[in-house]
Structures are given as structure tokens and as C-alpha cells.
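Visitor: output the structure for:
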Amino acid sequence: MALTLEKARVMIEATRAKGREMALKPLSVVVLDGGGHVLAFEREDGAAPGRFAIAQGKAYGAVMLGMAGRAQMARAEAQAYFMAAVNGVYGGQVVPVPGGVLLRDGSGVVIGALGVTGDTSDNDAEAALAGAAAAGLTGEA
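Guide: Residues are numbered from 1 along each chain as shown. Here you go, the predicted model:
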């Protein structure tokens, strides 16, 4: 199963709705396909303009490493040199914190990632998981 633009839009809207339900700060949400390419992005009114790069970096690290944001953060804390090397390989595009959610199909295959930023990283991840679920996908935070 490949991600579609329609599923990406569903995820973005559900993520934003969860953010409003949780009374989060304005969110920026990106969906990447399995190759790390942007399918869709939205930045809520009031979100800082630089948030795209953060959302993209959270999702990019998840999809390229096959490792969700929380696992990336744990790895960075345990082996900072490893994540520094990874970030060098990927041109500084990896943001190894929660909010980068792996997206899996029904068979468990990674098909993309959802990146969310704007509030605390843990809140970003919670909103992203709601977005994945709304599209019928399994999210791994």
C-alpha cells in the first residue's frame, strides 16, 4: 500500500483537530512518502514560518532510519556520535525527537512518516498518532 494525497490530507486534518482538542499551540504538519518526499504540508495560522524544516526533519529521520522520533531521541542520548554521523550523512535534515511518526500499513511495512511540530515534542507525537489512526494506518511514535 502506498500513501496517497487523500490519506495525507486526512492525516493532516485529524492531527490538527487533535491539536485543537488538546489546546496545543499552532501546529505544522508534513506527510512524507516511503522515499522521504513531501506529499502534503500545512502550517496553522500563528505557527512560526520555520516550522516546516522542523516537521520535515522529524518525519525524514523517521522514514530514512526506520526509527520513530522517540527511538531516535533515545539513540541520540545513548550514542550522540551515531546521530551526529547520521545527520552528516543526511545533510543536517534529521531532527531526532518525538513528533516524527513512522507510518505502517496493515502488514507492518513502513510506507512513510508524519512530522508534527509546534507544541512540546510529546504533544506533537500524540497529535500525529491521532492523524495516523484517522487514515487507518499504524503510527509508531
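
Visitor: identify each buried residue in whichever helix or strand residue 71 is part of, please.
Guide: Per DSSP states H and E, residue 71 falls inside helix 69-78. Residues of helix 69-78 classed as buried: 69, 70, 71, 72, 73, 75, 76 (neighbour count, 16 or more other C-beta atoms under 10 Å). In short, each C-beta sits where N, CA and C put it, glycine included.

Visitor: which parts of the helix or strand following it are buried?
Guide: The helix or strand immediately downstream of helix 69-78 is helix 80-89, counting by DSSP H and E. By 16+ other C-beta under 10 Å, the buried positions in helix 80-89 come out as 83, 86, 87.

Visitor: make TSV from those residues and add distance to residue 48 and pLDDT to it.
Guide: Listed next are the buried residues of helix 80-89 as TSV, based on distance: C-beta to C-beta, whole Å; pLDDT from 0 to 100:
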residue	distance to residue 48	pLDDT
83	24	94
86	25	95
87	22	94
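
Visitor: any chance of the residues you listed in TSV, plus distance to residue 60?
Guide: Converted to TSV, the buried residues of helix 80-89 look like this (distance: C-beta to C-beta, whole Å):
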residue	distance to residue 60
83	13
86	11
87	10
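
Visitor: what is the nearest of these to residue 2?
Guide: residue 86 (25.5 Å; C-beta to C-beta).

Visitor: hang on, isn't the closest one packed against residue 92?
Guide: No: shown here, residue 86 and residue 92 do not form a contact pair, counting by C-beta atoms under 8 Å, at 10.2 Å.

Visitor: kindly list the longest helix within the chain.
Guide: helix 5-21 (DSSP state H).

Visitor: got the contact list for residue 136?
Guide: By C-beta atoms under 8 Å, 6 or more residues apart in numbering, the contact list for residue 136 reads residue 7.

Visitor: list the buried ones in the longest helix of the chain?
Guide: 7, 8, 10, 11, 12, 14, 15, 16, 18, 19.
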